[in-house]
Each structure stands twice: as C-alpha cells, then as structure tokens.
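**Student:** Take this sequence and fold it.
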Amino acid sequence: MIIFEGLLLIFLIVCAVAVALTRQLWQAIIIFMSYSLVMSVVWVFLQAPDLAVTEAAVGAGITSILFFLALKRINAMQTGKKGGKGK
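**Tutor:** Model (predicted):
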C-alpha cells in the first residue's frame with residue numbers, strides 16, 4: 001500500500017511539472033484533469049472522502065470543461081482574425 005501511495009505522489013509531481021512544461025494548451029488541460037483525478041484518489045487514502053468527491057467533481061469535471069470551452073472560444077477568435085486578414 002505504501003508503494004502505491006508513493007507512485008501516486010510521484011505521478012502528481014510528474015503531472016505538475018508536465019503542465020508547466022507543455023506547449024500545447026489542450027495537452028495541459030488533459031494533464032490537469034489527470035492530476036485532479038489522482039489527487040482525488042490521494043484524498044481517499046487520507047480518509048477524506050468529501051474532499052475526494054469535491055476534487056473529482058470540481059477539479060477534473062467542471063474546471064476541465066470550462067478550460068476546454070475557453071480554449072474552443074480562443075481558437076474560434078483566432079480563426080476569425082486570420083480569415084479577416086486574407087480578404
């Protein structure tokens with residue numbers, strides 16, 4: 001069990017560093033989602049199920065959806081600007 005907890009903590013550190021180093025925004029969002037899901041498992045190991053459910057719902061769920069929607073809107077705005085310059 002201690003080995004599994006250690007692997008989870010290593011994965012959290014790798015995810016945190018990977019989010020900071022990645023260049024693609026959608027990759028950063030997916031890494032952030034995985035970070036939140038693993039963090040919710042860590043909360044379960046720490047016997048805090050209420051925090052685990054909140055982390056899974058808010059961190060991996062709602063926040064990720066909002067990030068994807070914002071990224072979609074940013075891409076739409078950039079595409080609209082590129083199309084307007086060529087005409």
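
**Student:** going forward, measure contacts between C-alpha atoms and count neighbours the same way
**Tutor:** Noted.

**Student:** does residue 67 sit in a helix, a strand or a coil?
**Tutor:** Residue 67 falls in the helix class when you classify it by DSSP: H, G, I helix; E, B strand; the rest coil.

**Student:** Can you give me the neighbour number for it?
**Tutor:** By other C-alpha atoms under 10 Å, 16 other residues sit near residue 67.

**Student:** For the nearest residue to it once chain neighbours are set aside, give me its contacts.
**Tutor:** Spatial nearest neighbour of residue 67, chain neighbours left out: residue 29 (6.9 Å); criterion: C-alpha to C-alpha, 6 or more residues apart in numbering. Each residue near residue 29 by C-alpha atoms under 8 Å, 6 or more residues apart in numbering is listed here: 19, 64, 67, 68.

**Student:** Okay, residue 74 and residue 26: tell me how far apart.
**Tutor:** Per C-alpha to C-alpha, to the nearest Å, residue 74 is found 12 Å from residue 26.

**Student:** Let me see the contact set for residue 41.
**Tutor:** Taking C-alpha under 8 Å, 6+ apart, we find residue 41 in contact with residue 52.

**Student:** Following element in sequence after the host helix or strand of it, please.
**Tutor:** Assessed by DSSP states H and E, residue 41 sits inside helix 25-45. Counting by DSSP H and E, the next helix or strand C-terminal to helix 25-45 is helix 49-54.

**Student:** Does anything pack onto that following helix? Which helices or strands?
**Tutor:** For helix 49-54, the elements it packs on are helix 25-45, judged by 3 or more C-alpha pairs under 8 Å, 6 or more residues apart in numbering; DSSP states H and E.

**Student:** May I have the helix it packs on exported as PDB, CA atoms only?
**Tutor:** Provided in PDB are the C-alpha atoms of helix 25-45 (Å, rounded to 0.1, in the frame of the first residue of the first chain):
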ATOM      1  CA  LEU A  25      -2.900  24.000 -24.200                       C
ATOM      2  CA  TRP A  26      -5.200  21.000 -24.800                       C
ATOM      3  CA  GLN A  27      -2.400  18.700 -23.500                       C
ATOM      4  CA  ALA A  28      -2.000  20.900 -20.400                       C
ATOM      5  CA  ILE A  29      -5.800  20.600 -19.800                       C
ATOM      6  CA  ILE A  30      -5.700  16.800 -20.100                       C
ATOM      7  CA  ILE A  31      -2.700  16.600 -17.800                       C
ATOM      8  CA  PHE A  32      -4.500  18.800 -15.300                       C
ATOM      9  CA  MET A  33      -7.500  16.500 -15.400                       C
ATOM     10  CA  SER A  34      -5.400  13.500 -14.700                       C
ATOM     11  CA  TYR A  35      -3.700  15.400 -11.800                       C
ATOM     12  CA  SER A  36      -7.100  16.200 -10.300                       C
ATOM     13  CA  LEU A  37      -8.300  12.600 -10.600                       C
ATOM     14  CA  VAL A  38      -5.100  11.200  -8.900                       C
ATOM     15  CA  MET A  39      -5.400  13.900  -6.200                       C
ATOM     16  CA  SER A  40      -8.900  12.700  -5.500                       C
ATOM     17  CA  VAL A  41      -7.500   9.200  -5.000                       C
ATOM     18  CA  VAL A  42      -5.000  10.600  -2.600                       C
ATOM     19  CA  TRP A  43      -7.800  12.300  -0.600                       C
ATOM     20  CA  VAL A  44      -9.400   8.900  -0.300                       C
ATOM     21  CA  PHE A  45      -6.200   7.400   1.100                       C
END
